[in-house]
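In: What follows is a predicted protein model with its sequence.
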Amino acid sequence: MSSPGRTSGVVRFGDFEVDLRAGELCKAGHKIKLQIQPFDALALLLERPGEVVTREEFEKRLWPGDTFVDFDHSLNTAIKKLRQALGDDKNKPRFVETLPKRGYRFIGKLEYTTPPSPAKTFAPSSGIGQLARLSADGNLSFVLVSADEEAAAEREKLEAANDDVGLSLLIASQKLLMVPSGTQVRILEVRQAESCYQVRILEGEHYGKAAVVPLTQLTELS
C-alpha cells in the first residue's frame, strides 16, 4: 500500500538518505549523483516498501503518456544505475530485489525523518570554552567536519571541482570526519574573522578529536 505522506520528506536506509523533495541521494552525508529515471525508480520503490512494483507500474511512472522508448531496456538500465549508486548486488540484494518478469521490490529497512525544529543560531561573539552542538545542513543526519584548516581548504577545492573520489579519500584518511548532527563540542579557537571555529568533539566515535567547523554548522545548546 502506498504511503506518499510518509515518503514526502527524508527517508533513511542503511548508510543512505533520500530527500524526495529535493531529488537527492546521500551516503553518510555525501551526495551521490543519480540520474532522474533511476531516482524516480527509487522513489516509487520507497513508496511501497516490501511490495512488488510491477514493470507496468514503472512504465506509467517513469515514461508516462506518449513517450517512445525501448521500455524493457530503459527500465533495466535505470535499475542497474540505481543498484550501482547503492552498491547493491543483483544476486544478493540488500535493497532492490528482482522478481523475474514481474517487477522489483524494496527490501531494506526504512527510517522516516521528521524535520527538526529550527535551532538557535550560534552567536559569533560566543567565547572560547563555550559548548555548542553541530548542526547538519537540511535533514542530513551527519556533519562533515575538517580535521584542520589544510583539510578544510582541500575539501573546498574538491567540492568546487565535484571530485567525489577526492572527497572519499579525505574521509578515508580521517581528514574529513563524519560526525552525527547534534554532537556536543567545545569551542577552542575562533578562526577566519569569526566565520570558522576550531572545536573539540565531546561525544561519540570521534570523542576528543579537534576539528574546524564553519559558524553555520554550530548551534547553541538547548
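Out: Cool, got the structure. Residues are numbered from 1 along each chain as shown.
In: Next, give phi and psi for residue 71.
Out: The phi/psi pair for residue 71 (degrees, to the nearest 10) reads phi -60, psi -50.
In: quick one: it and residue 77, what's the gap?
Out: Distance, residue 71 to residue 77, by C-beta to C-beta, to the nearest Å: 11 Å. Heads up, the C-betas are built off the backbone N, CA and C, glycines and all.
In: What strands line up against the one helix or strand residue 53 maps to, and which way round?
Out: Under the criterion of DSSP states H and E, residue 53 resides in strand 52-54. Note on strand 52-54: by DSSP bridges, its sheet partners are strand 103-106 (antiparallel).
In: How is the protein divided into domains?
Out: Using automatic domain parsing, the domain ranges for the chain come out as 10-112, 131-219.
In: looking at these, which one has the lowest mean pLDDT?
Out: Lowest mean pLDDT within the domains of the chain: domain 131-219, at a mean of 84.
In: Mind giving me the packing neighbours of the top strand by length along the chain?
Out: Identified as the longest strand of the chain according to DSSP state E is strand 184-191. Identification of packing neighbours for strand 184-191 by 3 or more C-beta pairs under 8 Å, 6 or more residues apart in numbering; DSSP states H and E yields strand 131-134, strand 196-201, strand 210-214.
In: and for it, what are the contacting residues?
Out: Strand 184-191 is contacted by residues 126-134, 149, 196-203, 210-213, 218, 221 when judged by C-beta atoms under 8 Å, 6 or more residues apart in numbering.
In: Can you name the next helix or strand after the host helix or strand of residue 151?
Out: Element membership for residue 151, per DSSP H and E: helix 149-160. Downstream of helix 149-160, the next assigned helix or strand under DSSP H and E is helix 164-172.
In: which of the residues in that next one are buried?
Out: 167, 170-171 (16 or more other C-beta atoms under 10 Å).
In: who's in contact with it?
Out: In contact with helix 164-172 (C-beta under 8 Å, 6+ apart) are residues 28, 30, 32-33, 144, 151, 154-155, 158-159, 176-178.
In: Can you mark which positions in stretch 146-154 are buried?
Out: Within stretch 146-154, the residues that count as buried by 16+ other C-beta under 10 Å are 146-147, 151-152, 154.
In: Those residues: which two are farthest apart?
Out: Distance extremes for the buried residues of stretch 146-154: the farthest pair is 147 and 154 at 10.3 Å, using C-beta to C-beta.
In: who touches both of these two?
Out: Both residue 147 and residue 154 are in contact with residue 175, where contact means C-beta under 8 Å, 6+ apart.
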